[in-house]
Each structure stands twice: as C-alpha cells, then as structure tokens.
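# Dropping a prediction and its sequence here:
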Amino acid sequence: MKDKSKEVEVEQKPTVIIETKTANLFYGSFHALKNIDFEAYQNTVTALIGPSGCGKSTFLRLFNRMNDLIDHVNISGKILLNNKNIYDKSIDVDELRKKVGMVFQKPNPFPKSIFENVAYGLRVNGISDSGYIEEKVKTSLQQAALWNEVKDNLKKSAYELSGGQQQRLCIARALAVEPEVLLMDEPASALDPISTSHIEELIFELKKQYTIIIVTHNMQQAGRVSDYTSFFYMGDLIEHGSTKQIFTSPKDVKTQNYITGRFG
Amino acid sequence: MLNKSQRKTFEKIFEGLLFSSSTVTSITVIFIIIFLFSEGIGLFNSKPIEKEYFIALNETNPVKDISPSDIDLIFNQDVTNWSKLGGKNDSIILFTLNNITDYIPEDSLGVNLEFLPAQINKFISSNTGVIAYFPDEYKPEKFDAFILPVGNVKVSEFLKGKNWYPTNQPAAQLGILPLILGTLWVSFGAILIALPLGLATAIYLAEVADMRLRNILKPLIELLAGIPSVVYGFFGLVVIVPLVQKTFGLAVGETALVGSIILGIMALPTIITITEDSIRATPRSQKEASLALGASRWQTMVRVIIPYSKSGIAAAIILGIGRAVGETMAVLMVTGNASVIPHSFLQPVRTIPATIAAELGEAPAGGLHFKALFALGIVLFIITFGINLTVEIIKSRTKRA
Ligand SMILES: Nc1ncnc2c1ncn2[C@@H]1O[C@H](COP(=O)(O)OP(=O)(O)OP(=O)(O)O)[C@@H](O)[C@H]1O
Ligand SMILES: [Mg+2]
C-alpha cells in the first residue's frame, strides 16, 4: 500500500485547493511563520515535517483560522482556499471551518455519547432531520473505520473508548460535516502502533474524497501516507516537493540532515 | 545545613504543628455545634408559660387541655366562648392581676394582698366560665379549681406555628413558620435576581470581554464581596426602599423585594467568580473541537462550555443561596421585620438570622426566649448544612459522570 500511494501522485495534474503567498504570523513580537509560499492539491496528502517548535501546528491552524482564538496573533500575506483569501473580512469563519475540518493531536471527544459526538457538527449546522443525522453518523463512522466496533453501543459515552478509537471517532466527527479539506495535527502521536496503522490506512482511503494536510514527527509515517512533503525549520518553509523527491533527493542540506535523523 | 536527623526532628515538629492546628479547628467547630444544640434543644424541655405562674379553670369546666396558641387567643379576647374550645356554651371570663379589681373591691384584698388567695379561690369556684392567671405565690392553699397542665413546647408547634411572639403573656407564641418562609422567600427572590445577572456576567467575563476590560471588571466585582453588609443595608434603606415604595405605591417600602434585591447584589460576586472560574476551566481542546466543526462561539458556549462547567455553576448557585440564607445585617435593615407569613414580595418579612440578631440582646440568658432563639439557630444551621451537602453531592456526582 505504501508503494501505491507514491505512484499515484506523480501522474496527476494537480488542482490547487490551498495556497499561501508570503504568509507571516507573529505571536506578539515572535515571528513564528516567515514568508511562507505553499500549495496543497486536491485529493492528495501533504505532510508537514520539521523539528519541534518550527511552526507546523501554527501553519496548519492558519487554514481553519484556529489561531484567531489566541490573543496578540498577527497574520499577514495571502491564505487562499479555492482561490479565495480566507482572512478576508467578508469570510464567515464558522462557514470556513465547516469546509476545513480538523483532527487534533490528542483525541478530544466531547463528554457525550458516541452518536452525539458525530452528530454534533450536524446539529450546530442546524440539521434536525433525525433520519438524515442517523444515516450520516453511520456513514461517517464507516468512513472512519469505527462503525463495526461501535455500532451496538452508539449510546455509550465516548470516554469509554480506547485512545485509538477516540481518535477515529474524532475523525468521523470531522467527516460528518463533509469538509473539503482535512487538517490533521499529529493524529497518531498519542496512539499505539496498531491504532496508528489503522489511522494511516484510513488516511489513504480518505484522500480519495478529501484534501489532507497532516503534521507528523514520524518520518516513516510521512513516507507512507503522504504525496507531498513540506519541511519547516524555525518558521521557514525550507523545502516543499513530492514526498519521493524530498526523501530521496532533498535539495537543502537542512532537509537532508533532518530526514536522516541528524537533528530534530 | 541541617543533618539528616535534625531535619527529621524538624519535620516531626512541623507535622505536629499542622496536626494540632487542624485538631484545634475541628474541636472548635464541634464545640460550637454542641453549644448551639445544647442550648437550643433545651427549648423543648421548657413550658411556654412564665415560670412560677399558674393558669386555673373552674372545676366544672369540661375543657381540660388548652394549647399555647389557644391560650393566646383567649387572653387576646379573640376567643370569648368556651364552646369554641369544645366546652359548654359559656362566655369566658378573664381573671388576672390586671383586671382583678373589676370583680373584687380593692379593700377586700388586704393591705399586703393577704386575702388574695382566698378571694381567687372563691371567684374561680363561683364562676363556671373563668380562666385565671396568677403568680404561684397567690395560689390558695386549699384550691377548689382545676390547674391547667401546660406541656413542654412541641417541635411540631415550633416548626408549624404561625405566630412568633416570644415574650407574650401568659403563653409565649413560638411558631417559626413565618420566619422560615420569610427566609426562603427573600433567598429565593435573591437567587431569581442574582442568577441570570451573575451567569450573564460570568459568561461575558470569561468568553466575550477582552483582557483589558476583564482586568478592570474582575477586581471590581471581587471588591463587591468585600463591602460590609451594613453598607449594603444602608444603601438598601436609603436608595432601594424609597424606590420600591414609590414604584409600587406602597405604604412602607421595607419589603421582601428589597431584601431580595440587596441579597441578590451581595450574592453576585460569589456566583460570578465561581461560575467564571469553572467556565475558564473548560479545556481548550473542548472549545477548539467545537469551533473546528463550524460551531459559532455562542453554540460552543451553550453546547460545550456550559455543560462542561455545570457542576461549578451549580455550586455557584447554591453557595449564592447559602450566602443569602445566612445573611443578617442587611436584611434586618431593609425587610421591615414583620413576623407574618408572606403572601407577596411587596410585604414586610422577617428572616431567621435577622430575628436572632434583633432579639438576642433583649432575651434574658437561659430564659424561654433565649432558648427559642438558639433553636432558631439550629434550624438555620440545618438549612445551610443541607445546602452545603447539596453542593458536595453535586460535585461528587459530576466528577463521576
Ligand atoms: N500561543 C502561543 N503564543 C506564543 N507563542 C507560541 C504560541 N503557540 C506557539 N508558539 C510558538 O510558536 C512556535 C511554533 O509553535 P508550533 O506549535 O507551531 O510548533 P510545532 O512545529 O507544531 O511544534 P511541535 O512539533 O512541538 O508540535 C514555537 O516556538 C512556539 O513556542
Ligand atoms: Mg505542533
């Protein structure tokens, strides 16, 4: 399966879904993202890699405007989704977040039942047709490869699931609102190897329908799941290219050092 | 530097200090509770009529038992015929030191009242409708009357009685129902006012206000908690009482409503601080999960943050009530203190703590009134204890869920 994922990307003529042009982000006076130019293509997986603190999460959170929640954040440059600047005044942030789903590093289900966790995004979008909600909960859980494990216990509290199941529940929850883009911030870092491989298989399936950007610390994982890879270092995007190219013939020595495990 | 054994000794001493201070604290608390109960329980071993007095009836009168409240009705002349009390159709004749000269010429009592006992005996036995109330010293040696047995104060009479006239003669009226209801009304009203206001402010502070505004408002609200309650009472008396009086066209402005308003203001800091803290304690990951799904800030508030902090909010409400129930000074100043069962917020009421504070100074130590006030204290203690218990139960329950 790993090999297949690498073969697919090269032949496709990619449609740009997400793009940044000279994106800068400041936390107060701290320059966390520096003049980033970046592209992500439809139905591909882009991995963001780099040492801790280099700005991967910050960059990922640009795309659903999660950084807006933090005080004293200053953002400049263009961040485009389908060619529209998402930081434009006319943009409805809640609508944007429906189009750009997110899965967090630590599973963060709500203290509600499994069913209600998945239904949450539908309910806040004003959907009340219970037949539709039931159907959508089912398909989302199926997409997240969790349905078979929970179908008899949908009323059970989400907190009774294992960590890996909780993370897949969070993925199902994100999928239920039918986003175009899925942001994943180290979605498997808190999980055991078996749950991790579940999630990786899942990502491979999901990219057929979604555009995925994933942060990971795990080089093998980046190699396995992604079509494109971006290497960040101290707020700079050092190198961006197909995963194959980045891993086999990096242009920058920093990238090479990082990939071969010399730092980070 | 201390060596190891020195440090050990030092730790031992320190441990001992901690232990003894916690012991002292616990003992003090227990001592206070024991004191309260021992004084208060004494009420139910006492008779509601003055010591060394007797009440006597004509021997032929079929009425052999009269409750303290009926005694009061008789001596207030609200009941004037024995048939009302299950006796014969016979009008009641009150016969006391106050009106004795209406029936017996003064000179026939003797210069030092030495003929009084005989006259009492004669008068009672010759009038079937008489009820007499005299000090024991004038009790005739050979008495042809029925001396009314007066039982101890009963708990049920105490809790359910509708009249609180603890210094009434001959029988003290020790019904605390109006005081309990007064306390509950004022507290309930206070919560009705403070809750929506407090919740709204807490939510605003925690989720809406920016840092700068919050840093101004929060200390201001906490300052509210530090204002002495007399000042609140004074403010209520001078500002709110006239306002309520004018607005509702009342004869007196000192009403349950003013008490509720003042208590509501006083409970606000507790409610706001605790609610805000628990709202802020909602994990960021929960908030982000909701927002990332396209929920608005308001939806996140209602569907995630408030459910997450509901135990804190419940604790805030109940502690707010607790503060209201126990508050004394301010309420004493603005509620008018009429011990009647309230029927509307626009009536004067009297609360339990206000009663204790106002009357303890006048009640002779060890007397019936004094004991009754302690028994009131027990009732108040039980109410507030129940409130605190509820908080604990809510907390432990939500922790488990
Ligand atoms: N809320 C914040 N306020 C100020 N500085 C922040 C904030 N969040 C992150 N930073 C800083 O911005 C830089 C980038 O942080 P970010 O979390 O994006 O790194 P990361 O690449 O995701 O790291 P990791 O791999 O450890 O998750 C770090 O130096 C961090 O200290
Ligand atoms: Mg990160």
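Cool, the structure landed. Ligands and ions are numbered 1, 2, ... in the order given.
# can you pull out the strands in the stretch 151-264 of chain A?
Taking DSSP state E, counting those that start in this stretch as the test, the strands found in the stretch 151-264 of chain A are A:181-185, A:211-215, A:228-233, A:236-242.
# my bad, the stretch 51-200 of chain B
B:53-58, B:93-96, B:130-135, B:145-147, B:164-165, B:173-174.
# Give the full set of residues in contact with the most centrally placed residue in chain B.
Centrality entry for chain B: nearest residue to the mean C-alpha point is B:I352, 1.7 Å, by C-alpha atoms, centre = their mean. Neighbour list for B:I352: B:I176, B:L179, B:I180, B:G182, B:T183, B:L376, B:V379, B:L380, B:I383 [criterion: C-beta atoms under 8 Å, 6 or more residues apart in numbering or on different chains]. Using the backbone N, CA and C atoms, a C-beta is placed for each residue, glycine as well.
# Check the gap between the closest residue to the second one other than its chain neighbours and chain A for me.
So that's B:L179. Nearest residue to B:L179, sequence neighbours excluded (C-beta to C-beta, 6 or more residues apart in numbering or on different chains): B:I352, at 5.0 Å. Distance from B:I352 to chain A, counting by C-beta to the nearest C-beta, to the nearest Å: 40 Å.
# what residue ranges in the chain score low on pLDDT?
The chain I'm using is chain A. A:1-13, A:262-264 (pLDDT under 70).
# looking at chain B here, not the other one
Within chain B, the segments meeting pLDDT under 70 span B:1, B:398-401.
# Over in it, which residue gets nearest ligand 1? Let me know.
Proximity of chain B to ligand 1 (C-beta to the nearest ligand atom) peaks at B:R284, 10.3 Å away.
# So what's the residue count around that residue?
Using other C-beta atoms under 10 Å in any protein chain shown, B:R284 is surrounded by 10 other residues.
# So what does residue 209 look like in phi/psi?
This is for chain A. Backbone geometry at A:Q209, expressed as degrees, to the nearest 10, gives phi -110, psi -20.
# To clarify, I was referring to chain B.
phi -60, psi 140.
# How much space separates it from B:I221?
For B:A209, the distance to B:I221 equals 12 Å [C-beta to C-beta, to the nearest Å].
# cool, A:T248 as well?
Distance from A:T248 to B:I221, by C-beta to C-beta: 62 Å.
# If you count surrounding residues, which of those two has more?
B:I221 (18 against 9).
# Smallest distance to chain A belongs to which residue of the stretch 101-250 of chain B?
B:M211 (6.3 Å; C-beta to the nearest C-beta).
# my guess is that residue meets A:D71, correct?
Yes: at 6.3 Å, B:M211 counts as touching A:D71 under the criterion of C-beta atoms under 8 Å.
# so what's in contact with the two at the same time?
What both B:M211 and A:D71 touch, as defined by C-beta under 8 Å, 6+ apart, is an empty set.
# ok, what's across the strand from the closest residue to B:N127 other than its chain neighbours?
Spatially, and ignoring its direct neighbours in sequence, B:N127 is nearest to B:I93 (5.6 Å; C-beta to C-beta, 6+ apart). Under DSSP bridges, the beta-bridge partners of B:I93 are B:V130.
# What residues does the residue of chain B closest to ligand 1 make contact with?
Going by C-beta under 8 Å, 6+ apart, the list of residues near B:R284 is empty.
# Burial check on the nearest residue to B:N337 once chain neighbours are set aside, number of neighbours?
Among residues not flanking B:N337 along the chain, B:R350 sits closest, at 4.4 Å (C-beta to C-beta, 6+ apart). B:R350: 26 surrounding residues under other C-beta under 10 Å.
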